[in-house]
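*Asks:* coords please:
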Amino acid sequence: MWKPLAASVLTATLALCATLAQAQEAPLRIVVGYAPGGSSDRVARIVADKLGAKLGTPVIVENKTGAGGRLSAQAVKSAPANQPTLLLANPAVMLVAPLVFPDAGYDPERDFRPVSHVNSYEFGVAVGSAVPVKELSHLMAWLRANPDKANFGVPATGSLPHFFGLMVSDAAKVRGEVVGYRGSAPLLNDLLGGQVPVAFDTFDTLLPQHEAGKLRILAVSGAKRNPLDPKIPTFKEGGLDLAATGWNTFFAPMAMPKAQAERLAGLIYEVMKDPDTQRKFEAAKMEPVAATMAQTEAMLKAYRAQWAPVVQRSGFKP
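*Replies:* As a prediction, this is how the structure comes out:
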């Protein structure tokens, strides 16, 4: 009797090993909720290149746009356990959307496990060359004098630049129409082409075109001037008592085994400590962050405590 039993156990063991080997060889997907060319996409691709070398398997970046990034979260939430998938998300997807949409289609704390916080960023407000203003106070006066032009573009409705733009509008007592885009690239195209006069986006996304003289960043949302261009004043210096930052963080679906998520967190931490990775982030005008899984969880907890009441008090409805 023992021989058939031993053979059965051996067969099952070999089948399990084969399944694990296939799972290890399966390419890791990184899903981004925004179009190629934006800051989230650039973060994903820098990390993917380095992470693939450490895993010894391909890392595929997939841009799943739409619904302000919510479609990407919905897709990753449903990823099967045998298909390794990470979501690269920002506060718009993992904080704002679940608070303002009656059914976002996911619960950030129930459906996802935080893996690694990889960069922080600030916001900027920029105007195209056709808008005759050079300072934030001048912009507010121009918008009040031209209510038919008082609209601003954002990379996605329900995004943090959208929410920050509403905060600026309220503080300045300027009511503008929000024009939502499917990512930063189409937003910048319309800003440069004059189809939209004003844009709120991440500072790193706006900065290259500002340096090229194709648009003007009037203010940055940090508590102090950004060292990448210290000539640009803060919103506080421009007369509005506002400051805000955002982040990009990797999340794993709860279907992913915790041990696998922890391993990926450790590898991403190593990637972010790599001087070459840091140089690439800085060249892309972004601030790199190396954080453990525990540090990431603590950051998110503090961020929710700070910003959830702000979002709820705003009364913003999509």
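*Asks:* per-residue confidence for Gly183?
*Replies:* Gly183 is assigned a pLDDT of 85 by the prediction.
*Asks:* how about it, phi and psi?
*Replies:* Main-chain torsions, Gly183, degrees, to the nearest 10: phi 120, psi 170.
*Asks:* the closest residue to it other than its chain neighbours and Gly124, how far apart?
*Replies:* The shortest distance from Gly183 to any non-neighbouring residue, by C-beta to C-beta, 6 or more residues apart in numbering, is to Ala35 (2.9 Å). The C-beta positions use only the backbone N, C-alpha and C, and glycine is treated the same way. Distance of Ala35 to Gly124, given as C-beta to C-beta, to the nearest Å: 19 Å.
*Asks:* of these two, which one has the most company?
*Replies:* Gly124 (28 against 20; other C-beta atoms under 10 Å).
*Asks:* give me the sheet partners of the host helix or strand of that one and which way each runs.
*Replies:* Element membership of Gly124 [criterion: DSSP states H and E] is strand 112-128. According to DSSP bridges, strand 112-128 forms sheet pairs with strand 198-202 (antiparallel), strand 215-220 (antiparallel), strand 245-253 (antiparallel), strand 287-288 (antiparallel).
*Asks:* mean neighbour count, these: which tops it?
*Replies:* strand 198-202 (a mean of 27; mean count of other C-beta atoms under 10 Å).
*Asks:* could you dump the strands paired with strand 112-128 to TSV with distance to Leu86 and mean pLDDT?
*Replies:* TSV is the format used below for these (distance: least, C-beta to C-beta, whole Å; pLDDT from 0 to 100):
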stretch	distance to Leu86	mean pLDDT
strand 198-202	20	95
strand 215-220	29	98
strand 245-253	5	96
strand 287-288	17	92
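*Asks:* between these, which gets nearest to Lys54?
*Replies:* strand 245-253 (14.1 Å; C-beta to C-beta).
*Asks:* what's near enough to touch Leu160?
*Replies:* 90-92, 96, 123, 244, 246 (C-beta atoms under 8 Å, 6 or more residues apart in numbering).
*Asks:* hmm, I typed the wrong one, I wanted Lys224.
*Replies:* By C-beta under 8 Å, 6+ apart, the neighbours of Lys224 are Thr234.
*Asks:* that one: which element?
*Replies:* If you go by DSSP H and E, Lys224 is not part of any helix or strand.
*Asks:* can you add distance to Glu135 and give the strands paired with strand 112-128 back as a markdown table?
*Replies:* Compiled in a markdown table, the strands paired with strand 112-128 are given as follows (distance: least, C-beta to C-beta, whole Å):
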| stretch | distance to Glu135 |
| --- | --- |
| strand 198-202 | 13 |
| strand 215-220 | 6 |
| strand 245-253 | 23 |
| strand 287-288 | 25 |
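*Asks:* of all those strands, which lies closest to Asn63?
*Replies:* strand 245-253 (14.3 Å).
*Asks:* now that closest one: how far from the chain's centre is it?
*Replies:* Averaging C-alpha positions (C-alpha atoms, centre = their mean, to the nearest Å) puts strand 245-253 7 Å from its chain's average.
*Asks:* same check on stretch 199-206?
*Replies:* Per C-alpha atoms, centre = their mean, the centroid offset for stretch 199-206 relative to its chain is 12 Å.
*Asks:* please renumber so the chain begins at 569
*Replies:* Renumbered: residue one is now 569, and that last one reads stretch 767-774.
*Asks:* give me the residues contacting that stretch.
*Replies:* For stretch 767-774, contacts defined as C-beta under 8 Å, 6+ apart pick out 606-607, 689-695, 720-723, 729-730, 732-733, 736, 752, 755-756, 759, 783, 785, 788-790, 794, 796, 814, 852-854.
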